[in-house]
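J.: here are the coordinates; sequence isn't available:
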Ligand SMILES: Cc1ncc(C[n+]2csc(CCOP(=O)(O)OP(=O)(O)O)c2C)c(N)n1
Ligand SMILES: Cc1ncc(C[n+]2csc(CCOP(=O)(O)OP(=O)(O)O)c2C)c(N)n1
Ligand code: SF4
Ligand code: SF4
Ligand SMILES: [Mg+2]
Ligand SMILES: [Mg+2]
């Protein structure tokens, strides 16, 4: 069995590249590997380049790989464009017709030319992807029964005729005649590994919500968050009991509906991205001050404004923390892996309940769309905080030491009032300076309570690398992957560094300050121009920071390593 | 002539308190005083308490006065409520009927009981305010012809019958019989002072815009910004040449209209507050990335959410700087006086033109509604940056060293494209990572250019107090008034402190850092809970800060002094 | 049976101006609630921002004072999540047809079961009398002292175009009729819109109503309210300003339709559990 | 005279899918511009976000690609500030009647002089085929695989209720008629709405259009387009789906009315200068 392999498949819109990646990922996961599958879209929405990159390993996969071991490319131009990413000893898998492949004599590694187009001519244009898959599986030396099962399952799920399976078999026979498994690329099969599922970040959030007993969702389509809404709409009505999914006219309505649902005592969530998140700001501020629990997933994309809908970025942190007028705080969680997309969503719901506040999950396009193998969660052992409705008081905003008041729900508690005006303990408008000061301190206390708890439990920060190192890296969200790999590799190279990955970005865990203070230099790695987390760190911990900042596409481990060396 | 006097008039909705204050302020300004008139509304929108406080001085008035020299109050309860604010030797002016005035024997100073209600019975309920005014003017020992002119002018302006002037004269005669001018309160008349105008902060912004040749406005009503829209709507159509005022269906449309106007090459602005500002966020981000010049006045009110429409606050700073998704920057100016409302508006338009960006004027309810005497501007000597339209290129977003590109206008330049998508130099969509990085650095460079200029000119920060002092205070916006007075009084008391008032809050002027570094302790005074400017200072200058933070109503100089003593 | 006074809140004192139309409307609502025997424990008043928007503070029920223009989405969330609640939405003309206008057709096409009371004083009352979407052309307001230049929107006409299942108009000068209309609206299963011609004496001295009083007519008793063309005819009549019920039809409510989907999904794809769904990703 | 090809941009390559209705609409627009001899130097295409929203990239004119739902306010700003520009707004069905629906009645009641082309493919094309405000009831989309439960909005009916001064409907299957309708819209002084039934072959296999092709009829030549009731009749006809011009009346445009205010203010209160105004505060 191999330790680590990365494969890129590159083509055009019609080549079924995404299908290849999906089926291959499932099959390789079932072979016992940890898997990461990253889909890359070209700039154009349709008809542009399409590619996906798959990395498998016996250890957790942190990054899809900057250069690859296997490159399959369908057109002369996609070969050309991607060849620089193929390792010198990597396998190039191309069509055997000269017009589909440029001169690759410069590539020192093995080249595998396959009759993909010839076979496609025989079976029809639509068979293209299934033929390619068969060839690739053969070249990789996979367990063919596993991949065949995966194909069958995929066809069934999408309602595609089983005759395609015959094409697959025919292609395999052809491959056996024409191609030989790649030297050293015999992908075996491991046993005894955890049972795992293959989820995208967005899927993991949906399942996190379902496990948290959220059955009410409202959302408006927006790339790259739409798939959550679609998945909810397919799944929710099939579950026992009552559920509701509303796709309203815009994002203001979406969060308005979520607030209404939550006011009745139901757990509810929405998902959006950049421009949609922006439009939710006013009602989000209303939810903060009316202390309405809700969960909002923001799958960040390239900004500002409409920006780059299909590119990843981490530039909504400022807006997420500060994007509402007035002194308005909420909780911000940032998962760094698909697994965390699942568990932090559960955490988000639990925190929303306990602190009666909106909780934002700050994901991004890279994390939301890519798939990873996730050790199958034992749903019965996951702690879920239920909504507790008080039926005895009408003091919805009662002043307490913790800042947390009794929760009341429409139709279940004594009658009460909710307003975005400054209100008193009963929720009624009261604009006296004393009341305003009192209620604004109460909200502040809630966050102090939370901060103390986090600090006590030393939670919401992952530390990695050598704790004694004087060089510290801080990163968040999906950029953590490249940093983790960089930290490991730097340590292998004899340059130990320490890293911290906060998973709660507001409020920031105080114990992160101890880490920062113990380092001579702090490098903050984040995919934005302004250094948004760095700014929060300086503000809160008064520590000078260095930055690795860029936009456009996700970081590679090499970039992180280079930057460390540069400033070291 | 007196050096300094502060007068409070307190009543209920119907008492014409605002009329009294307005007329008195005009008359006192004409007597040669510097004037500040602050209107205070009760919590309820209608029928609640109404009060105004007037302070006059030979020197600039920084604050309306925590305690007053003269209190006129119309009801037993308003007397009671306000008496604690009357100085021990201050004059209490009340009605002579016992039911209108509680027992005030505890007040050591002079009490002046006047037949207001009796006279009102004679002339009718509506004459109430004019009678009170006559009495008060008499008690103050004012030049009666000046106040009579002011009354006449006010009546003419509001189209109220001149018969009221007869009532005024009758009341004066009655006063001469009944009351005597307050001992030591003989308000004289000074000559040789600058000619000045009496403006509210909102009025000053409107005139700043007019002087800047802004003739296009769109806005949606919202307290406390509405008066700008109303004033523009009355004035604009009377001016020569073309002008346009649009009151559309909501704030998104308002800023959309402003953007459209600006795209044709016209200077345009809007004004709003809290919730409305929130709704403008998405299109404001669009204006940032499309580099569309515009000016937006945000008259801050109590937040978050609908909050306290008639209370002042300084809690929109975070939102103003960071309230848009993505890396999206703009310029934020914060006037501290009505005079600055005027000049910084001109500056706002000039900066918007030069840097092709939205500029936000961060005012607040206290500053926007209160009136101050402003030395009459010499409009001909004010520098105004005109919009310069390039007619030779279509490279609307050309990469330049300064980050500033040629400005093109619809209908005047070669055809070009504007989009909120990430675009290339010609404005066309280009989502390649390289282009995104390039364009995002270009926007960043614009702000570097600006920052360098400010620093070079050492502008946008006002320093006050003893530069050598080791205790520094930083404050912004309308809170600067109380701080200025506190700094002066602390110095009189032998505790010299230094203060800095930044007028540009984003980007922050680098030279402010020299001030901060030279102090042992920094106290940041701002009317919000979170310490929003303090957070920006820590982030940018890495200086520890102390805070004076509160919400509900504006600061008094005494609070600032107390806090200084507390932390000293 | 409940008395109208039981719906009056003792907790906040009413701060409406003298002779404000909102006094009449609140009184009519309380009477209609009583006569329809609405359980105050299951009644939710949802409102926007404005003078009309303050109604929830004065009614003894659950009160949700949302944001300017946003009462409908919040109300939809409430009714979707808990159909046992009786939801009444109160909005000003600015709330309903200015800033909130985009939400209306999407609430109506859902036929969500609630009463939508539009308090149309044809002015922005709360902010001091600026022109509103229903201010008539030529009329002066604080932002249009030279006269409003836009044609007003027509709430009834638009409701008919939006296929609202119950469309009525009343006025604050005809409180008996208003109570009756509100009762019918409360009894109607689905989206019930009641357009109320109100007054803002403080900011609008010469009201629309005064200028049009002579044109006001009850909708004739023989009007076929199930006929959309007949309703359009009444609403387009240039000589009369009709009050009463223009249109009423019965069709499935949003909750009915959502239930159908829940049933259909299970029938088509089978009932499932979260654990089973997870299993599909193994 | 200009040729249609002069309006084709050479700068961005068209990325619409094969057989997408947008190809037909762009072609029709270019021909209509040419036949109306619109000066490309004074033509501004304003659009929202979506597949339809990309039209400005492909037309050789000024192009303003705004935000999802916001083309109308920006277009109003442009036309208010510079009436010499010919403004054409392109919006998808989601853009126009979903997120942007609140702006439409306020653009129409201004009778602002522009052409509003609604590209109605009854689906959210750009984001991958979710249900849109005009998706017909029962139809399956990626977010409604068990069927869309809402009634669709009716663009023509709503336009009539909003008193739009020019209301037409065309389809991408009848390009000659579409060119003619666009020409008439371009020639109309005031708000001209053209509802175009389009297609999204990628995300909507069984299109509204296919199901309703048999119902499509040209509006009869004897239709009195100045009559609102007659237009309503056509639009309510259950048996036919009419294409052509439903309604056209002439009334002052927004620029005309704004000019009146400029004149009236000066007549009533006198012309003034900024300096004189400042003087009033002395
Ligand atoms: C987003 C936003 N914009 C503006 C306002 C200010 N505002 C409060 S009420 C109101 C208009 C009220 O008019 P209407 O809806 O007709 O209600 P009325 O007061 O006349 O009953 C406005 C503009 C606000 N609260 N929120
Ligand atoms: C505020 C906001 N919400 C959501 C989106 C995502 N989005 C882009 S286009 C679109 C819908 C497009 O549908 P339609 O307007 O019908 O145009 P079409 O693509 O069908 O031509 C959506 C939801 C966005 N860009 N901005
Ligand atoms: S301002 Fe007008 S609408 Fe508001 S309470 Fe007063 S009269 Fe009523
Ligand atoms: S997705 Fe649909 S609307 Fe968009 S370009 Fe393709 S066919 Fe046209
Ligand atoms: Mg109103
Ligand atoms: Mg569409």
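T.: Cool, got the structure. This is a predicted model, so every value here is computed, not measured. Ligands and ions are numbered 1, 2, ... in the order given.

J.: what ranges do the helices span in the stretch 351-500 of chain A?
T.: Under the criterion DSSP state H, counting those that start in this stretch, helices of the stretch 351-500 of chain A are mapped to A:365-369, A:433-457, A:480-492.

J.: so of those helices, which one's packed in deepest?
T.: Comparing these by mean neighbour count (mean count of other CB atoms under 10 Å in any protein chain shown), helix A:365-369 ranks first with a mean of 29. (Each C-beta comes from the backbone N, C-alpha and C, glycine too.)

J.: Any part of that one near ligand 2?
T.: No. If you take CB under 6 Å from any ligand atom as the test, helix A:365-369 misses ligand 2, and the best it gets is 13.4 Å.

J.: and that helix, how far from the chain's centre?
T.: Centroid separation for helix A:365-369 versus its chain: 4 Å, with CA atoms, centre = their mean, to the nearest Å.

J.: Can you report the mean pLDDT over the residues of it?
T.: Helix A:365-369 comes out with an average pLDDT of 98.

J.: same deal with stretch A:556-568?
T.: Rounded mean pLDDT across stretch A:556-568 is 96.

J.: buried ones in it?
T.: Neighbour counts over stretch A:556-568 (16 or more other CB atoms under 10 Å in any protein chain shown) mark A:556, A:557, A:559, A:560, A:561, A:563, A:564 as buried.

J.: Quick check: residue A:60 touching residue A:34?
T.: Yes. Between residue A:60 and residue A:34 there is a contact under CB atoms under 8 Å: 5.6 Å.

J.: Compare the two (neighbour count), which wins?
T.: The residue with more neighbours, out of residue A:60 and residue A:34, is residue A:34; 21 against 14, by other CB atoms under 10 Å in any protein chain shown.

J.: Roughly how far does that one sit from residue A:57?
T.: Relative to residue A:57, residue A:34 is positioned 5 Å away (CB to CB, to the nearest Å).

J.: Quick one: residues contacting residue C:75.
T.: A:260, C:44, C:46, C:64, C:87, C:89, C:107, C:112, C:114 (CB atoms under 8 Å, 6 or more residues apart in numbering or on different chains).

J.: so where's the stretch 101-250 of chain A uncertain?
T.: A:179-184, A:190-194 (pLDDT under 70).

J.: same thing but 90
T.: A:101-106, A:113-115, A:117, A:124-128, A:138-144, A:157-163, A:174-195 (pLDDT under 90).

J.: Same check on the stretch 101-250 of chain C?
T.: C:204-214.

J.: how about the residues of it that lie near ligand 1?
T.: When proximity is defined as CB under 6 Å from any ligand atom, the stretch 101-250 of chain C approaches ligand 1 at C:119, C:121, C:123, C:124, C:125, C:126, C:127, C:132.

J.: can you do 5 Å?
T.: Proximity of the stretch 101-250 of chain C to ligand 1, by CB under 5 Å from any ligand atom, involves residues C:121, C:124, C:125, C:126, C:127.

J.: who touches the last one in this structure?
T.: Contact partners of residue C:127, counting by CB under 8 Å, 6+ apart, are B:221, B:222, B:223, B:226, C:50.

J.: let's go with 6 Å and repeat that
T.: Going by CB atoms under 6 Å, 6 or more residues apart in numbering or on different chains, residue C:127 touches B:221, B:223, B:226.

J.: One more: the second one?
T.: Listed by CB under 6 Å, 6+ apart, the contact partners of residue C:124 are B:221, C:94, C:130, C:132.

J.: what's the answer for the first one, then?
T.: The neighbours of residue C:121, taking CB under 6 Å, 6+ apart as the test, are C:21, C:198, C:199, C:200.
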